[in-house]
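Visitor: Take a look and give me a structure for this.
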Amino acid sequence: MKKSSKIALGVVGLIAVGAVAYRVVNVAPSASLPSNSQLAEVLKDGGCASCHTANPELPFYANLPIAKSLIGDHVREGYNVFDIAPLMEALAAGAKPDEIDLAKVEQSIADGSMPMASYYLVHWGSSITDTKRDMSLAAVKEIRAEFYPNTLAAPQFANEAIRPIPDSVPYDSCKAALGEELYHDTRLSADGTVSCATCHGIGTGGVDNKRYSEGIKGQLGGVNAPTVYNACFNFAQFWDGRAGTLAEQAGGPPLNPVEMGCKSFDEIVERLSKDKDFTKRFNKAYPEGMSQASITDAIAEYEKTLVTPDSPFDRYLKGEENAMTPEQIEGYALFKQYACATCHAGVNMGGLSYELMGQRENYFEDRNLTLKSGLTDGDNGRWAQTKQERDRYRFKTPSLRNVELTYPYYHDGSVNTLDEAVTKMAKYQVGREMPAEEADKVVSYLRALNGEYKGKPLTNSNMKGE
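Guide: As a prediction, the model looks like this:
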């Protein structure tokens, strides 16, 4: 037999062995398993933890010259984008998983972006077969329906990663009324010039439409003011998540030397106590009297009233087919196609996770080139609280509700238009250039996210008197 024929037969043999091995190692989980176990098994087989955990178990060849660089890059990028460990723990325990984690896994399986081809070339059992894909997506839907029931949506949208805003959330009306007064009261600042509403205007989308807010004595803050509307749906408050509740957040600015400048809440209580009528009403709702705890609790109760339901998009999700224009409907499809609906999921379309600013491209390097703006303390993000290097430049995702009104955009307030915000997000977070015609449709869709407050459409033009 000729040498070439032997080689050919050898190659065929290797292919045949490979095909048999592939079939042996790459089998779908048993359909009799519960959905959480099915999904966990597919993710485990897929080797997701090899790149998406803090301390991955790498293969023996990971330190070989060629593999070391490739695998190292994959591990760094993978862990930067997504830590899968909490999801795997929840699936193993049959517990409630994080809905952003769930959305990320669903997106990557649906669009085939994970696992990467370069990974499963050496890990045959990791590739997602059609059976595994269908099983995993069905499992995600079952898990979402169990832990995040979407009772407000029409049946065809009941399993979307985004849910409509409810008409209201429970709150104490007496305490909320006091909180509304306090929210607009400049006596919470040291010199009587700044209130909560100064930076988070109820008539201006819950923000002040400035790059950086102005505190006492004309001092400027270091990050853009996030909206107060729908803040009750966030899992934490502030860009760096340093407050776990609305009340904790309300306690920060009055004591911040740049914002409201008080040395303690004792001086605030002293000023407010001189108002006998207010004190009488406050003590009726809070028999324990005025303190940091009771004042911030009242403000938090008021902020629970600042929900903005019934946007055109919410009505569309509820089954009103003509609530959005055809262009906006196309924009929503693109919003999901570009994976925007993974981080901007849930009721508030954000506010549920910390994400790295610049997952695919170096945002801060480019910002410095265009704006001549170096790094600031505000750019550290979540790192300021955890001091873990992975959290540097990682921020709580902003809500996209009423986003047309909450300009300028990003934590640094460096972007003034929705079009620029959308195209830059596609570049820096997704790694794709979004064509102008697609960006226009996504922007049109985002304009459909303006909700209603006190029964009136929320716009900066008709809310000035509120």
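
Visitor: surely Phe313 meets Phe335?
Guide: No: if you go by C-beta atoms under 8 Å, Phe313 and Phe335 don't touch, sitting 10.1 Å apart. In short, each C-beta sits where N, CA and C put it, glycine included.

Visitor: More neighbours: those two, which one.
Guide: Taking neighbours as other C-beta atoms under 10 Å, Phe313 and Phe335 compare with Phe313 leading, 27 against 21.

Visitor: OK, contacts around the nearest residue to that one once chain neighbours are set aside?
Guide: Nearest residue to Phe313 in three dimensions, chain neighbours excluded: Ala448, at 4.5 Å (C-beta to C-beta, 6 or more residues apart in numbering). Contacts for Ala448 (C-beta atoms under 8 Å, 6 or more residues apart in numbering) come out as 311-313, 316, 323-325, 328.

Visitor: let's see it at 7 Å
Guide: The neighbours of Ala448, taking C-beta atoms under 7 Å, 6 or more residues apart in numbering as the test, are 311-313, 324, 328.

Visitor: repeat for Ile295
Guide: Counting by C-beta under 7 Å, 6+ apart, the residues that Ile295 touches are 182, 265, 268.

Visitor: So what's the residue count around the first one?
Guide: A total of 22 residues lie near Leu182 under the criterion other C-beta under 10 Å.

Visitor: could you measure Glu248 against Gln385, distance?
Guide: Noted for Glu248: a distance of 12 Å to Gln385, by C-beta to C-beta, to the nearest Å.

Visitor: Kindly report the same for Lys175.
Guide: As for Lys175, its distance to Gln385 is 29 Å (criterion: C-beta to C-beta).

Visitor: Have a look at the two and say which one is more surrounded.
Guide: Lys175 (20 against 16).

Visitor: Assess the claim that that one and Lys284 are in contact.
Guide: No: taking C-beta atoms under 7 Å as the definition, Lys175 is not a contact partner of Lys284, at 10.3 Å.

Visitor: Return every residue with contacts to both of those two.
Guide: Joint contacts of Lys175 and Lys284 (C-beta under 7 Å, 6+ apart) do not exist.

Visitor: mind putting the contacts of Ala448 in JSON lines, distance to Lys304 included?
Guide: Formatted as JSON lines, those follow (distance: C-beta to C-beta, whole Å):
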{"residue": "Ser311", "distance to Lys304": "19"}
{"residue": "Pro312", "distance to Lys304": "24"}
{"residue": "Phe313", "distance to Lys304": "22"}
{"residue": "Met324", "distance to Lys304": "28"}
{"residue": "Gln328", "distance to Lys304": "29"}
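
Visitor: Check the residues you listed against Ile84 and report the nearest one.
Guide: Nearest to Ile84 among the contacts of Ala448 is Phe313, at 29.8 Å by C-beta to C-beta.

Visitor: who's in contact with the helix or strand harbouring that closest one?
Guide: Here Phe313, judged by DSSP states H and E, is contained in helix 312-317. Applying C-beta under 7 Å, 6+ apart, the external contacts of helix 312-317 come out as 153-154, 157, 160, 164-165, 323-324, 448-449, 451.

Visitor: Most neighbours among the residues you listed, please name it.
Guide: In terms of neighbour count, Ile165 stands highest of these at 25 neighbours, by other C-beta under 10 Å.

Visitor: Could you check how far that one is from Ala333?
Guide: Taken as C-beta to C-beta, the span from Ile165 to Ala333 is 21 Å.

Visitor: Quick one: low-confidence residue ranges for this structure.
Guide: Within the chain, the ranges that satisfy pLDDT under 70 run 1-26, 59-62, 66-67, 70, 115-126, 460-466.

Visitor: rerun at 50
Guide: For the chain, applying pLDDT under 50 flags the ranges 3, 6-24, 462-466.

Visitor: for it, what spans make up the strands?
Guide: 354-356, 394-396, 452-453, 456-457 (DSSP state E).

Visitor: Those: which one's closest to Cys232?
Guide: Of all the strands of the chain, strand 452-453 sits nearest to Cys232, with 13.6 Å by C-beta to C-beta.

Visitor: partners of the closest one in the sheet?
Guide: strand 456-457 (antiparallel) (DSSP bridges).

Visitor: closest to Gln107 out of the strands of the chain?
Guide: Across those, closest to Gln107 is strand 354-356 (C-beta to C-beta), at 13.7 Å.

Visitor: Which neighbouring elements make contact with that closest one?
Guide: strand 394-396 (3 or more C-beta pairs under 7 Å, 6 or more residues apart in numbering; DSSP states H and E).

Visitor: Tell me the helices and strands packed up against the strand it packs on.
Guide: strand 354-356.

Visitor: And the strand it packs on, how far out from the chain middle?
Guide: The chain centre lies 8 Å from the centre of strand 354-356; the measure is C-alpha atoms, centre = their mean, to the nearest Å.

Visitor: Can you list the buried residues in it?
Guide: 354-356 (16 or more other C-beta atoms under 10 Å).

Visitor: Val207 - how many residues pack around it?
Guide: Applying other C-beta under 10 Å, we find 23 residues neighbouring Val207.

Visitor: The one 10 residues further on too?
Guide: Counted with other C-beta under 10 Å, the burial measure for Lys217 works out to 12 neighbours.

Visitor: Surely Tyr183 touches Cys196?
Guide: Yes: using C-beta under 7 Å, Tyr183 is in contact with Cys196, at 4.5 Å.

Visitor: These two: which has the busier surroundings?
Guide: When Tyr183 and Cys196 are compared for neighbours, Cys196 comes out ahead with 26 against 21, by other C-beta under 10 Å.

Visitor: how much space between that one and Glu303?
Guide: Distance of Cys196 to Glu303, given as C-beta to C-beta: 9 Å.

Visitor: so what sits against both of these two?
Guide: Common neighbours of Cys196 and Glu303, counting by C-beta under 7 Å, 6+ apart, are absent.

Visitor: Enumerate every residue touching the nearest residue to Tyr332 once chain neighbours are set aside.
Guide: Using C-beta to C-beta, 6+ apart and skipping residues adjacent in sequence, the residue nearest Tyr332 is Tyr445, 4.9 Å away. Taking C-beta under 7 Å, 6+ apart, we find Tyr445 in contact with 328, 331-332, 335.

Visitor: now Gly252
Guide: Contacts for Gly252 (C-beta under 7 Å, 6+ apart) come out as Ala243.

Visitor: Dihedrals phi and psi, it?
Guide: Dihedral pair for Gly252: phi -80, psi -60, per degrees, to the nearest 10.

Visitor: one step back: so can I have CSV of the buried residues of strand 354-356 showing distance to Met290?
Guide: Below are the buried residues of strand 354-356 laid out as CSV (distance: C-beta to C-beta, whole Å):
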residue, distance to Met290
Tyr354, 34
Glu355, 38
Leu356, 41
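
Visitor: Which of the residues you listed sits closest to Pro29?
Guide: Set against Pro29, the nearest of those by C-beta to C-beta is Glu355 (29.9 Å).
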